[in-house]
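Trainee: sequence first, then the predicted structure, then my questions.
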Amino acid sequence: MSTEAPRILIIAGGTASGKSTIVSRFVEETGAAHVGHDRYYFDAPQPRGHDFDHPDALDTARLIDDVTSLKSGRPTEIPVYDFASHSRTREQEQMDPAPIIVVEGILVLAEPRLVALADLTVFVEAPEQTRLDRRIARDVAERGRTVESVMAQYAATVKPNHDRFVQPSKTSASLIIDGTQNVEESVRLLRATFGC
């Protein structure tokens with residue numbers, strides 16, 4: 001294990017802004033550990049109409065504790081969330097500290113205690129129509145949703161929470177990345193800024 005403390009990279013952005021694609025490529029190239037905020041959803045026994053885009057839907061306090069442990073060089077157990085049942089499984093996944101730990105999610109810059117742990121904060125920006133088009137394509141293809149249901153959820157919870165919590169959190173970012181540009185360019189910029 002490295003004697004240097006792990007460095008924490010926090011990446012936020014709206015739904016379907018491109019952040020997960022950028023993070024995936026960054027992790028592939030650098031060997032960074034990845035902690036997704038969406039692992040930390042609370043159970044949702046009644047998922048229909050549940051607001052998954054509000055900060056209260058996520059156990060951010062536990063995420064902060066886990067990232068704090070990793071930053072201190074201690075292994076931690078992170079939750080495993082089952083999106084099919086909208087609940088956490090009984091299993092947990094052990095994560096060991098790595099030189100770089102990426103914390104990613106739509107709301108990770110909306111919590112000052114999490115931002116305080118970061119060595120670099122990033123916001124991935126993309127126009128609303130682009131994000132909506134991507135979300136529809138993803139949810140229809142990968143999650144068996146209808147266009148109508150995606151649009152209804154977007155109007156009811158996704159957009160209001162984006163406007164209230166996600167977009168304002170951009171002010172906590174020290175680097176803004178264009179989520180519509182080539183992913184290789186985004187990762188090059190990220191690596192150059194982070195020095196890795």
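Mentor: On my side now, so go ahead. Treat the numbers as computed from the prediction; the structure is a model and nothing was measured. Residues are numbered from 1 along each chain as shown.
Trainee: contacts, neighbours, all on C-alpha from now
Mentor: Noted.
Trainee: quote the end-to-end distance of stretch 160-172.
Mentor: 20 Å (C-alpha to C-alpha, to the nearest Å).
Trainee: check stretch 103-112 too.
Mentor: 14 Å.
Trainee: next, the buried residues of that stretch.
Mentor: V103, E104, G105, I106, L107, V108, L109, A110, E111 (16 or more other C-alpha atoms under 10 Å).
Trainee: after the longest helix along the chain, which helix or strand is next?
Mentor: Across the chain, the helix with the greatest residue count (assigned by DSSP state H) is helix 128-143. With elements assigned by DSSP states H and E, the helix or strand that comes after helix 128-143 is helix 147-153.
Trainee: now the closest residue to V166 other than its chain neighbours: how far from Y41?
Mentor: Excluding the flanking residues, the one nearest V166 by C-alpha to C-alpha, 6 or more residues apart in numbering is L107, at 5.8 Å. Note on L107: its distance to Y41, by C-alpha to C-alpha, is 12 Å.
Trainee: now do the longest strand along the chain: everything it contacts.
Mentor: Using DSSP state E, we find that the single longest strand of the chain is strand 87-95. Strand 87-95 has contacts (C-alpha atoms under 8 Å, 6 or more residues apart in numbering) with 41-45, 75-82.
Trainee: ranges for the strands of the chain?
Mentor: Using DSSP E, the strands of the chain run over 7-13, 33-36, 76-82, 87-95, 100-104, 120-125, 175-178.
Trainee: show me the shaky parts of the chain.
Mentor: 1-3 (pLDDT under 70).
Trainee: tally of neighbours for E184?
Mentor: A count of neighbours around E184, defined by other C-alpha atoms under 10 Å, yields 12.
Trainee: how far away is it from I22?
Mentor: To I22, E184 is 8 Å away according to C-alpha to C-alpha.
Trainee: can you report how many residues lie near the residue nearest to D43 when sequence neighbours are not counted?
Mentor: In this structure, D43 finds its nearest non-sequential neighbour in S87, 4.2 Å apart by C-alpha to C-alpha, 6+ apart. Counted with other C-alpha under 10 Å, the neighbours of S87 add up to 18.
Trainee: picking that back up, contacts for the longest helix of the chain?
Mentor: Contacts for helix 128-143 (C-alpha under 8 Å, 6+ apart): G14, T15, A16, S17, R145, T146, V147, V150, M151, Y154.
Trainee: state the phi and psi torsions of the residue nearest the centre of the chain.
Mentor: Closest residue to the average C-alpha location of the chain: G105 at 1.5 Å, with C-alpha atoms, centre = their mean. Backbone torsions for G105, taken as degrees, to the nearest 10, come to phi 170, psi 170.
Trainee: I'd guessed it sits against G13; true?
Mentor: Yes: between G105 and G13 a contact is recorded at 7.1 Å, counting by C-alpha atoms under 8 Å.
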